[in-house]
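*Asks:* Sharing a model that was predicted from the sequence below.
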Amino acid sequence: MGVSPFLRAVVGLGNPGETYARTRHNIGFMLVDRIRREAQVQKKRTLEGAVQVFAVQWADWDLYLVKPLTYMNLSGPGVRLAQSRYGWKPDELLIVYDDVDLPLGRLRLRTSGSAGGHKGMASVLAALGTDRVPRLRMGIGVNPKPTDLATFVLTPFAADEWPVVAAMLDRATEVVRRILAEGFEKAMNWANRS
């Protein structure tokens, strides 16, 4: 076991509580929970009621899994609290969140850029004071695009969508594994192929 030179923490964005657990907006939480179930959890802490942090051993690496508890649009302060408490650099984080502009099942990995209209990511970038924060966007979009996006992202996935969601979570888990072992550039080449 050791510390990856590329990645220290995976931060899933979502909304806390059972009401939101299976909604589209919570795909970031779903990925963090998926990795946590596979990992050996060493320690779990909640910092100031704002963010949950799990120290885990997973895929031969020491890793932190992070879930802000302040609701999606206010994710930034919790991420900043954990980042400053543990001394991570912004480019050692991977922020994972939903994207309605990507078709369901599609992944996009980037190491920097704007929030692209995603309020949770905008909050994170504002709190960290840089746009050089790696992110994995997970596609939840459908065609035609719903007119009421706020309602759409807070609805659960439909029964026939879950197999696609499960496959996307499988691929996203592999992306995290590849980042840990090989770095962002090689992982991007693999993640962004489709």
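*Replies:* Great, that's in hand. Numbering: from 1, shown residues only.
*Asks:* In the chain, where's the longest strand?
*Replies:* Longest strand of the chain, by residue count under DSSP state E: strand 93-103.
*Asks:* list the helices and strands it packs on?
*Replies:* strand 9-12, helix 27-38, helix 75-86, helix 119-128, strand 135-141, helix 149-153, helix 162-182 (3 or more Cβ pairs under 8 Å, 6 or more residues apart in numbering; DSSP states H and E). C-betas here are computed from N, CA, C, even on glycine.
*Asks:* looking at those, which is buried most?
*Replies:* strand 9-12 (a mean of 26; mean count of other Cβ atoms under 10 Å).
*Asks:* Parallel or antiparallel, which strands does that one pair with?
*Replies:* strand 61-68 (parallel), strand 93-103 (parallel) (DSSP bridges).
*Asks:* Please state the offset of the shortest one from the chain centre?
*Replies:* It refers to strand 61-68. Put simply, strand 61-68 sits 10 Å off its chain's centre (Cα atoms, centre = their mean, to the nearest Å).
*Asks:* From residue 147, how far out is the most centrally placed residue in the chain?
*Replies:* Closest to where the C-alpha atoms of the chain average out (Cα atoms, centre = their mean) is residue 96, at 1.8 Å. Note on residue 96: its distance to residue 147, by Cβ to Cβ, to the nearest Å, is 26 Å.
*Asks:* Would you agree residue 92 is in contact with residue 10?
*Replies:* No - between residue 92 and residue 10 there is no contact under Cβ atoms under 8 Å: 10.6 Å.
*Asks:* Okay, now the unreliable bits of this protein?
*Replies:* Applying pLDDT under 70 to the chain flags the ranges 1, 194.
*Asks:* Am I right that residue 189 sits in a helix?
*Replies:* Yes - Residue 189 forms part of a helix when assessed by DSSP: H, G, I helix; E, B strand; the rest coil.
*Asks:* Please report the number of neighbouring residues for it.
*Replies:* 12 (other Cβ atoms under 10 Å).
*Asks:* where's it relative to residue 178, distance?
*Replies:* 9 Å.
*Asks:* Excluding chain neighbours, what is closest to residue 22?
*Replies:* Closest residue to residue 22 apart from its sequence neighbours, by Cβ to Cβ, 6 or more residues apart in numbering: residue 156 at 4.4 Å.
*Asks:* Also residue 85?
*Replies:* Here the residue nearest residue 85, using Cβ to Cβ, 6+ apart, is residue 47, at 6.1 Å.
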